[in-house]
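Q: Quick one, fold the following:
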Amino acid sequence: MKIGVVGGGQMGGGIAELCAKAGMDVIVHEVNQDVAEASKARIDKSLSKAVERGKLSEQDKAAALGRLTFGTDLGALADRDLVVEAVIENEELKKDLFRQLDDIVESPDAILASNTSSIPITRIATATSRPESVVGLHFFNPAVVMPLVEVVRGVLTSDATVEAARSFAADQLGKTVVVAKDRAGFIVNMLLVPYIIDAMRMYEEGYASKEDIDAGMVNGANYPMGPLALSDLIGNDTMLFVAEALFEEFREARYAPPPLLKRMVEAGLLGRKSGRGFYEYG
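A: This next block holds a predicted model:
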């Protein structure tokens, strides 16, 4: 199976690595050669860690790297069976990309998938002449570790496309798949974002310390990490964008980003991406 991944950052790189380890021919598209080289180095480092932990042999690492190609020519994706878009959460950027992919990808049976965590798939699909072939494939961070993939069916996504996307994620990548209807946030973020926002408001209003909020949920609810640490892991800039997208869609106060989150993003406290987040704030 020939795979294209547009955007080789933290999420796209993880998806590309998964596909390469599963034996697929993968092309990673990036905006320029320097970024492409950085993506290659990031995947190489991740594979090396897997070797160090005894989860991958040196031979399998070399084979996976051999299946990966990095470049800047979007036209190289013309022969792909599946293209996964993993660029930033910006609807107009995604639509423009899908418009180009619609012209470039040759096979009428090819699937065009978005890794968006919040933008309705139907809106992205309107940029193409084949909305029946457009689907959401929402991986979770880090993609090589997290077991879940949300398959999101747009209004016009065909049954065949949904089944092919489900089989790709479950049967070929070994992921647990849930199928979601097409509304902003899908399943996980519709439930997760209000929880994290409530924790931010609790801290901002002085109800409890950030340490106690996180410790409470880890030790009282058996969560693997607290909500503020989780926001740092996801990326506070991503959290802000998703909350804004959900609020714009539903106009419900539970999705409204708190001022604290906006201030943190403006200050560059992005969490894992910057090395500075909630535990460096205030």
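
Q: got any ranges where the stretch 101-250 of the chain has weak pLDDT?
A: By pLDDT under 70, the stretch 101-250 of the chain has no low-scoring segment.

Q: For it, just list every one of the strands.
A: 111-114, 134-139, 148-153, 176-181 (DSSP state E, counting those that start in this stretch).

Q: Export those as TSV, with columns for distance to E211 and mean neighbour count.
A: Yep, even glycine has a C-beta here, placed from its N, CA and C like the rest. As requested, the strands of the stretch 101-250 of the chain are exported to TSV (distance: least, C-beta to C-beta, whole Å; neighbours: other C-beta atoms under 10 Å):
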stretch	distance to E211	mean neighbour count
strand 111-114	37	27
strand 134-139	30	26
strand 148-153	28	23
strand 176-181	32	15
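
Q: Looking at the ones you listed, which is nearest to S209?
A: strand 148-153 (30.5 Å; C-beta to C-beta).

Q: what's the angle from the closest one to strand 134-139?
A: Angle between the axes of strand 148-153 and strand 134-139 is 170 degrees (criterion: axes from the mean of the first three to the mean of the last three C-alpha atoms, to 10 degrees).

Q: what residues are up against the closest residue to K273 other than its chain neighbours?
A: Nearest non-adjacent residue to K273, counting by C-beta to C-beta, 6 or more residues apart in numbering: G235, 5.1 Å away. For G235, the contact set (C-beta atoms under 8 Å, 6 or more residues apart in numbering) comprises 270-273.

Q: What of S231?
A: Per C-beta under 8 Å, 6+ apart, neighbours of S231: 196, 199-200, 239, 261, 271, 277-278.

Q: Inside helices: which ones of those?
A: Here DSSP state H is the test, and the contacts of S231 give 196, 199-200, 239, 261 as lying in helices.

Q: Put together JSON lines for the strands of the stretch 101-250 of the chain, with distance to A170 on each row.
A: Below are the strands of the stretch 101-250 of the chain laid out as JSON lines (distance: least, C-beta to C-beta, whole Å):
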{"stretch": "strand 111-114", "distance to A170": "14"}
{"stretch": "strand 134-139", "distance to A170": "11"}
{"stretch": "strand 148-153", "distance to A170": "8"}
{"stretch": "strand 176-181", "distance to A170": "5"}
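
Q: Compare these and give me the one nearest M11.
A: The closest of the strands of the stretch 101-250 of the chain to M11 is strand 134-139. By C-beta to C-beta, the value is 6.4 Å.

Q: tell me the helices in the stretch 1-150 of the chain, going along the chain?
A: Using DSSP state H, counting those that start in this stretch, the helices assigned to the stretch 1-150 of the chain run over residues 10-21, 33-52, 58-66, 91-104, 121-125.

Q: Kindly format the C-alpha coordinates of the longest one as CSV.
A: Provided in CSV are the C-alpha atoms of helix 33-52 (Å, rounded to 0.1, in the frame of the first residue of the first chain):
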residue,chain,number,x,y,z
GLN,A,33,14.1,20.6,2.4
ASP,A,34,15.3,21.7,5.9
VAL,A,35,12.0,20.8,7.4
ALA,A,36,12.0,17.5,5.5
GLU,A,37,15.5,16.7,6.9
ALA,A,38,14.3,17.5,10.4
SER,A,39,11.3,15.2,10.0
LYS,A,40,13.6,12.4,8.8
ALA,A,41,15.9,12.9,11.8
ARG,A,42,13.0,12.9,14.2
ILE,A,43,11.7,9.5,12.9
ASP,A,44,15.2,8.1,12.9
LYS,A,45,15.6,9.1,16.6
SER,A,46,12.2,7.5,17.4
LEU,A,47,13.1,4.3,15.7
SER,A,48,16.5,4.2,17.5
LYS,A,49,14.7,4.5,20.8
ALA,A,50,12.6,1.5,19.9
VAL,A,51,15.7,-0.4,19.2
GLU,A,52,17.2,0.6,22.5
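
Q: Show me what that helix is packed up against.
A: helix 10-21, strand 25-29, helix 58-66, strand 68-71 (3 or more C-beta pairs under 8 Å, 6 or more residues apart in numbering; DSSP states H and E).

Q: swap the cut-off to 6 Å and go again
A: Secondary-structure packing of helix 33-52 (3 or more C-beta pairs under 6 Å, 6 or more residues apart in numbering; DSSP states H and E): helix 10-21, helix 58-66.
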